[in-house]
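Student: Following is a predicted model, sequence given first.
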Amino acid sequence: MPQPRLFLVYEPEKACLDRLMNQGHPRDRAVEISSYLAQSTDLAPEFAEIWREASKRGITFTPLELDEATAAIASADPANSLVWTLTDGIAYFRGGTAPALARLAGLGTVGADDSLFALCQDKFRSGAVLSALGLPVPQAGLARDGHWLAEPPASPNGWFVKPNRLGAKIGIWSDSHCRDLSQALELSRRVFSHYRDDVVVQPYVAGRNVRASFLDVTGHADISSLGVFLVESGADFQTMADSLALYGDTGAAARATGVYAEPELVPLAATQPEADAEIRRIAARLMAGLGLRDVFSIDLRVDADGTVHLIEFEVCPGLPCFDFRAYCRAQWSMSLAEAMAETAARRLAS
């Protein structure tokens, strides 16, 4: 019988950059947008290590660029093949097609089903679904190029404006927290001019940033395996510039020059155990109500009094990012390569 195979499907930055420029995006904007895919750039040097760890567990590891995935997945044996999607996207990025291709070919996948890959990439629609599930997500308005498609609710603390379908922190600037709705509409014009995207306009939520990460390494992990960490960067929120400084070529240059600084990760339970427990209840609700499984992350804000606000969820978290690596070490005492190989081995065995 052929050896079980793990396909890791990813969209390269360069392929995305070329496609965006062919669609008429100016080069500097195309570079910003394609930078979201820096995790595929960052993980590529570790493909050999992942291959070794997978081999130890009797698995053949095959990284696949997205444009090669259709033929490879279609010809794979559904009985012993598994697809793990590294980079997602439904608009500017195309990785969200990978789990759909796997389903079409009858292959198993690591992660949620393909419908959630589409939902989480549309912040306005996903927020509506999260609200319908009774989760503590800020209500949102939607604007396009200076015009309201849906007006946001009143907010005494101002509003936060972010692109609706762009990944990472692209299009989030230091003035994305605005004090009046005319500023919000002006930001929507800027986002539309730069990126051709709508903006979500939510009441600004004060508090500290929290990232919750999950990977089912054992094949039967429960909510106790969720890692919940305060992300202490010294800033109220992460801008596009901050994000670019952590990943890809920009992050590599910062590391080479000694100016790279990762945010500090602090277990939330150490200071706000009630908020930690509430976040675990939220995650359990997402798993039961939406079908999150295997691997995901959640972004939240926590007030000083412990009130939790759910900002968004991600079914395709940045595996090589500092926070997910730290989670693998803290929760599973494994490197990222070990954790990925073990997760795949358990899934293939079941």
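Tutor: Happy to help now that I have it.

Student: what about residue 168, which SS state?
Tutor: Using DSSP: H, G, I helix; E, B strand; the rest coil, the structure places residue 168 in coil.

Student: Take stretch 302-318, keep the C-alpha atoms, and write them as PDB.
Tutor: Listed next in PDB are the C-alpha coordinates belonging to stretch 302-318 (Å, rounded to 0.1, in the frame of the first residue of the first chain):
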ATOM      1  CA  VAL A 302     -10.400  42.000  27.000                       C
ATOM      2  CA  ASP A 303     -11.400  45.000  29.100                       C
ATOM      3  CA  ALA A 304      -9.800  45.700  32.500                       C
ATOM      4  CA  ASP A 305     -13.000  44.400  34.100                       C
ATOM      5  CA  GLY A 306     -12.600  41.100  32.200                       C
ATOM      6  CA  THR A 307     -15.300  41.800  29.600                       C
ATOM      7  CA  VAL A 308     -14.500  39.800  26.500                       C
ATOM      8  CA  HIS A 309     -15.100  41.000  22.900                       C
ATOM      9  CA  LEU A 310     -14.800  38.600  20.000                       C
ATOM     10  CA  ILE A 311     -13.200  40.400  17.000                       C
ATOM     11  CA  GLU A 312     -12.800  37.600  14.400                       C
ATOM     12  CA  PHE A 313     -11.800  34.000  13.900                       C
ATOM     13  CA  GLU A 314      -9.400  32.500  11.500                       C
ATOM     14  CA  VAL A 315      -9.600  28.900  10.100                       C
ATOM     15  CA  CYS A 316      -6.200  29.200   8.500                       C
ATOM     16  CA  PRO A 317      -3.900  30.800  11.100                       C
ATOM     17  CA  GLY A 318      -0.400  31.900  10.400                       C
END
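
Student: Can you point out the buried residues in that stretch?
Tutor: 302, 306, 308-318 (16 or more other Cβ atoms under 10 Å). Bear in mind the C-beta positions are built from the backbone N, C-alpha and C, glycine included.

Student: again, but for stretch 52-61
Tutor: 53, 54, 57, 59, 61.

Student: who's the last one bridged to?
Tutor: Read that as residue 61. Note on residue 61: beta-bridge partners by DSSP bridges are residue 6.

Student: so it touches residue 46, yeah?
Tutor: No - counting by Cβ atoms under 8 Å, residue 61 sits too far from residue 46 to count as a contact (10.8 Å).

Student: which residue ranges form the helices in the stretch 51-200 of the chain?
Tutor: Assigned by DSSP state H, counting those that start in this stretch, the helices in the stretch 51-200 of the chain fall at 66-74, 97-105, 114-119, 123-132, 181-195.

Student: cool, the stretch 251-350 of the chain as well?
Tutor: Under DSSP H, counting those that start in this stretch, the stretch 251-350 of the chain gives helices at 273-289, 322-332, 336-349.

Student: Mean neighbour count, distance to residue 230 and mean pLDDT for those helices - can I get that in a markdown table?
Tutor: A markdown table is the format used below for the helices of the stretch 251-350 of the chain (neighbours: other Cβ atoms under 10 Å; distance: least, Cβ to Cβ, whole Å; pLDDT from 0 to 100):
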| stretch | mean neighbour count | distance to residue 230 | mean pLDDT |
| --- | --- | --- | --- |
| helix 273-289 | 18 | 10 | 97 |
| helix 322-332 | 19 | 11 | 97 |
| helix 336-349 | 22 | 21 | 97 |
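
Student: Averaging pLDDT per element, find the lowest-scoring helix or strand in this protein.
Tutor: In the chain, the helix or strand scored least confidently by mean pLDDT, DSSP states H and E is helix 248-257, which has a mean of 54.

Student: Quickly name whichever of the buried residues of stretch 52-61 is closest to residue 94.
Tutor: Distance to residue 94, by Cβ to Cβ, is smallest for residue 61 among the buried residues of stretch 52-61, at 22.2 Å.

Student: Next up, the contacts around residue 57.
Tutor: 341, 342, 344, 345 (Cβ atoms under 8 Å, 6 or more residues apart in numbering).

Student: Most widely separated two among those residues?
Tutor: 342 and 344 (7.3 Å).

Student: Would you mind pulling the contact partners of stretch 209-216?
Tutor: Contacts of stretch 209-216 (Cβ under 8 Å, 6+ apart): 221, 225-231, 233, 237-238, 265, 268, 275, 279, 283, 292-302, 308, 317, 323-324, 327-328, 331-332, 339, 343, 346.

Student: pLDDT on that stretch, on average?
Tutor: Across stretch 209-216, pLDDT averages out at 97.

Student: In that stretch, which residues are buried?
Tutor: Here stretch 209-216 shows 209, 210, 211, 212, 213, 214, 215, 216 as buried, counting by 16+ other Cβ under 10 Å.

Student: What helix or strand is the first one located in?
Tutor: Read it as residue 209. strand 208-215 (DSSP states H and E).

Student: what lines up beside that strand in the sheet?
Tutor: According to DSSP bridges, strand 208-215 has these partners: strand 227-232 (antiparallel), strand 295-302 (antiparallel).

Student: Direction-wise, compare that strand with helix 273-289 and give the angle.
Tutor: Using axes from the mean of the first three to the mean of the last three Cα atoms, to 10 degrees, the direction of strand 208-215 lies 50 degrees away from that of helix 273-289.

Student: who's in contact with residue 310?
Tutor: 130, 135, 136, 137, 282, 298, 300.

Student: bridging residues for it?
Tutor: Counting by DSSP bridges, residue 310 forms beta bridges with residue 300.

Student: Could you tell me how far it is located from residue 159?
Tutor: Taking Cβ to Cβ, to the nearest Å as the measure, residue 310 and residue 159 are separated by 17 Å.
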